[in-house]
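Trainee: What follows is a predicted structure for the sequence shown.
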Amino acid sequence: MSLRESAPVTPGPGGGASAPRPHRATAWPEARAVAARAGAHARGARKASAVPLGSALGGVLAESLTALTDLPPFDTSAMDGWAVAGPGPWAVRAETAVLAGHASGPETAPEPADGEAVRIATGARVPPGTTAVVRTEHARTEAPRTETSRTRAPRTDDRAGRPVLCALREVVPGQDIRPRGQECRSGDELLPAGTLVTPAVLGLAAAAGYDGLAVFPRPRVEILVLGDELLTAGLPREGLIRDALGPMLGPWLTSLGADVLGTRRIGDDAEELYGAVTGSTADLVVTTGGTAAGPVDHVHGVLGRAGATLLVDGVKVRPGHPMLLARLGAGPDGPTSVRHLVGLPGNPLAAVSGLLTLAAPLLEALAETPPGPERLPGPETTPGPETTPEPETEATPEPETAPEPETTPGSGLRPRSGTRTSARVPVRDEVQGHPYDTRLVPVVRRGGRAVPLRYHGPAMLRGLAAADGLAVVPPGGAAPGQELDVLDLPRPLDERAATAAQGACFT
């Protein structure tokens, strides 16, 4: 089902469970594509805002990051040591050392004369006339010399009687000096619009002179946990069970790049659910449970009453086939806001299936900026004299350790957890498939292969908690050695908890 084929929801009686409707389950790959298109459509209504650096983390740059100053802004010392002028040995000047953050000029650090050395700290401005910086460990000081130097004419000034600095290795002009503008010049584009603001981006922006950034904020998400049978504390009792989704979905959605506004527990009250859905200011509302056709499954009825449009109503995937995606009407932010709702099944593993099938692609597309130049930075800069770039080598992951997510070509960014297939990995064992639907099966990577895990029923979390990915198993199953796409998950804390699969559970 595409966006062009979507249709308004038929309201059920009393705003509760809807009347019987034809099953319109969407193939799993197409459902993800519909979710991505929905996010891209909603992205056009989002507005950028200027925020302090401390509030920009996780946002997306609304405009390119351009250097407001040269970096470094002046010649600086790359090491603790000695600023020397001319060839050595050098007479040590007795004035205070040149320290980072302290001005250097005629009043504070006079230009060293030929044959002089002055103490200098890492990051300090290099005094005018400095030939090189000699690292502390590459030099030694000697007692004052009284004899005439054999390398230069006798001195007639006041340098006689001062300690002498001798280099322990060759001194090259300019060594261990970071020249002004080595990293960039004022006006250079450092990062293009559309870049995810990471801690490193915040550091670069601060170094380049920024106090704030114009960003598209992280997509806002509100979680509505449905079900009268759920407990928030204690042991299950008398038909009541613990809520596993409330504690899990918030952190998971945060890892997908969302700003989680909160988690509300609604119970099985259709009126309360209607008020929560229509009154939410979130870009995406995520509900748990209530997506089927049972006596207290109110999601379809509430969507119909709210004038929502179903984009996906069921997906051909196990577990999690009752999931849905809807475009909501105008919200509290005004008629131009575009909001969506993802309805997850109530079973925990089925809910995760829905999260990665519908919510993750929608959030990823929503967080992007309109198409522009590729996000990889421009031409490589010429390395400065301080360092020589090391050859890039591809690290081989240790056995039984999940590899790092691959960078998406042309994006310059690592995908957020669960938003893309990280790799195609051969499966070690045969994986039983559903006759018609895609299966998402918890796996761990061992020796370069994906190993299916036990405890993969729709209501189970034990397998998922030990997994580092969900293998996408096509209808009919997979043979040993067959390559499968694997959706990234947060890393397991202890792979010893992973137990190989035996059999399959589809419901």
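Mentor: Nice, I can see it.
Trainee: So which residues of the stretch 251-400 of the chain form strands?
Mentor: For the stretch 251-400 of the chain, the strands defined by DSSP state E, counting those that start in this stretch cover 259-267, 284-288, 309-313, 315-318, 324-328, 339-344.
Trainee: between these, which one is nearest to residue 62?
Mentor: Within the strands of the stretch 251-400 of the chain, the stretch nearest residue 62 is strand 259-267; the backing value is 16.0 Å (C-beta to C-beta). C-beta here means a position set from N, CA and C on the backbone, and glycine is covered the same way.
Trainee: which helices and strands sit right next to that closest one?
Mentor: strand 220-226, helix 245-255, helix 270-279 (3 or more C-beta pairs under 8 Å, 6 or more residues apart in numbering; DSSP states H and E).
Trainee: Give me whichever of these is most buried.
Mentor: strand 220-226 (a mean of 24; mean count of other C-beta atoms under 10 Å).
Trainee: who's in contact with the next helix or strand after it?
Mentor: Sequence order places strand 230-231 as the next helix or strand after strand 220-226, per DSSP states H and E. Strand 230-231 has contacts (C-beta atoms under 8 Å, 6 or more residues apart in numbering) with 237, 240-243, 246, 265.
Trainee: could I get those as JSON lines with pLDDT?
Mentor: Converted to JSON lines, these look like this (pLDDT from 0 to 100):
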{"residue": "237", "pLDDT": "89"}
{"residue": "240", "pLDDT": "90"}
{"residue": "241", "pLDDT": "86"}
{"residue": "242", "pLDDT": "89"}
{"residue": "243", "pLDDT": "85"}
{"residue": "246", "pLDDT": "90"}
{"residue": "265", "pLDDT": "91"}
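Trainee: okay if I get the strands of the stretch 251-400 of the chain as JSON lines plus mean neighbour count?
Mentor: JSON lines is the format used below for these (neighbours: other C-beta atoms under 10 Å):
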{"stretch": "strand 259-267", "mean neighbour count": "16"}
{"stretch": "strand 284-288", "mean neighbour count": "27"}
{"stretch": "strand 309-313", "mean neighbour count": "23"}
{"stretch": "strand 315-318", "mean neighbour count": "25"}
{"stretch": "strand 324-328", "mean neighbour count": "25"}
{"stretch": "strand 339-344", "mean neighbour count": "28"}
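Trainee: circling back to that earlier point, which of the contacts of strand 230-231 sits closest to residue 60?
Mentor: Nearest to residue 60 among the contacts of strand 230-231, counting by C-beta to C-beta, is residue 246 at 28.0 Å.
Trainee: where along the stretch 351-500 of the chain do the helices fall?
Mentor: Counting by DSSP state H, counting those that start in this stretch, the stretch 351-500 of the chain has helices at residues 360-367, 462-466.
Trainee: Could you name the helices and strands sitting against the longest one?
Mentor: Packing contacts for helix 360-367, counted by 3+ C-beta pairs under 8 Å, 6+ apart, involve helix 28-43, strand 284-288.
Trainee: Could you find the closest non-adjacent residue to residue 218?
Mentor: residue 259 (4.0 Å; C-beta to C-beta, 6 or more residues apart in numbering).
Trainee: mind checking how far that neighbour is from residue 35?
Mentor: Distance from residue 259 to residue 35, counting by C-beta to C-beta, to the nearest Å: 19 Å.
Trainee: Same question for residue 314.
Mentor: Distance of residue 314 to residue 35, given as C-beta to C-beta: 14 Å.
Trainee: neighbour-wise, which of the two wins?
Mentor: residue 35 (27 against 19; other C-beta atoms under 10 Å).
Trainee: so that one makes contact with residue 361?
Mentor: Yes. The criterion here is C-beta atoms under 8 Å, and residue 35 meets it with residue 361 at 4.2 Å.
Trainee: Just grab the bridge partners of residue 216 for me.
Mentor: Counting by DSSP bridges, residue 216 is bridged to residue 60.
Trainee: again with the one 10 residues further on
Mentor: For residue 226, the beta-bridge assignment (DSSP bridges) gives partners residue 267.
Trainee: Low-confidence bits of the stretch 201-350 of the chain, can you list those?
Mentor: Counting by pLDDT under 70, the stretch 201-350 of the chain contains low-confidence ranges at 330-336.
Trainee: Spell out, range by range, the strands that occur in the stretch 51-200 of the chain.
Mentor: For the stretch 51-200 of the chain, the strands defined by DSSP E, counting those that start in this stretch cover 60-61, 65-66, 76-77, 81-84, 90-92, 116-120, 132-135, 139-142, 164-167, 177-178, 189-191.
Trainee: who are the neighbours of the longest one, in terms of helices and strands?
Mentor: With contacts defined as 3+ C-beta pairs under 8 Å, 6+ apart, the packing partners of strand 116-120 are strand 81-84, strand 90-92.
Trainee: try 10 Å this time
Mentor: If contacts are counted by 3 or more C-beta pairs under 10 Å, 6 or more residues apart in numbering; DSSP states H and E, strand 116-120 sits against strand 81-84, strand 90-92, strand 132-135, strand 164-167.
Trainee: just the last one next, same as before
Mentor: When contacts are defined as 3+ C-beta pairs under 10 Å, 6+ apart, strand 189-191 packs onto strand 65-66, helix 199-207.
Trainee: Kindly compare burial across the ones you listed and name the winner.
Mentor: Most buried among those, counting by mean count of other C-beta under 10 Å: strand 65-66, with a mean of 18.
Trainee: export stretch 437-444 as CSV, just CAs?
Mentor: The C-alpha coordinates for stretch 437-444 follow below in CSV (Å, rounded to 0.1, in the frame of the first residue of the first chain):
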residue,chain,number,x,y,z
ASP,A,437,5.4,-13.7,5.5
THR,A,438,8.8,-12.3,6.3
ARG,A,439,10.3,-13.3,9.7
LEU,A,440,12.4,-11.2,12.0
VAL,A,441,14.6,-13.5,14.1
PRO,A,442,17.0,-12.5,16.9
VAL,A,443,20.6,-13.5,16.1
VAL,A,444,24.1,-13.1,17.4
